[in-house]
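Enquirer: this is a predicted model, with the sequence first.
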Amino acid sequence: MSPLARISTSYTPRFAEFAFEPGFTAAVDQHVAELRDKLEAGGGALQPQAPDREVLSDYALGFLDALAENGWREPVGHDYAVCRLTAISWLVRRHDLA
């Protein structure tokens, strides 16, 4: 399974939390913006373009590897990694990159 599919399967269900966790929603939105900048998918357009699937996949794989190396375990709440993984999942779903 590709890293994008793995992340999407695990973190798309977190979208339901947006309805009652405005702080989480805002944090994920910031992570989406940071990812767009990092992956150069933001552009100056009113509607940001989709990130390149391969570039996002490479980034996601590196992020997952770093989490594994650090022994990260998903917490009950929302930490940096949960927000970042949810943002990756949002980009995948928004731009149909799965």
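Expert: Now that the structure is in, tell me what you want to look at.
Enquirer: tell me the centre residue of the protein?
Expert: residue 88 (1.7 Å; C-alpha atoms, centre = their mean).
Enquirer: any idea which element that residue lies in?
Expert: Element membership for residue 88, per DSSP states H and E: helix 80-94.
Enquirer: ok now that helix, how far from the chain's centre?
Expert: Centroid separation for helix 80-94 versus its chain: 2 Å, with C-alpha atoms, centre = their mean, to the nearest Å.
Enquirer: buried residues in it?
Expert: 81-92 (16 or more other C-beta atoms under 10 Å). Where you see a C-beta, it was placed from the backbone N, CA and C, and this is true even at glycine.
Enquirer: tally of neighbours for residue 79?
Expert: 13 (other C-beta atoms under 10 Å).
Enquirer: next one, pLDDT for it please.
Expert: Reading off the confidence values, residue 79 has pLDDT 97.
Enquirer: cool, residue 10 as well?
Expert: pLDDT, residue 10: 95.
Enquirer: can you check the one 4 residues further on too?
Expert: Note on residue 14: pLDDT of 95.
Enquirer: neighbours around it, how many?
Expert: 18.
Enquirer: thought it was touching residue 77?
Expert: No - the pair residue 14 and residue 77 fails to qualify as a contact (C-beta atoms under 8 Å) at a distance of 11.2 Å.
Enquirer: please, where are all the strands along the chain?
Expert: Using DSSP state E, no strands are found in the chain.
Enquirer: quick one: low-confidence ranges for it?
Expert: Along the chain, segments meeting pLDDT under 70 span 41-46.
Enquirer: helices of that one, residue ranges please.
Expert: For the chain, applying DSSP state H gives helices covering 3-11, 22-38, 53-69, 80-94.
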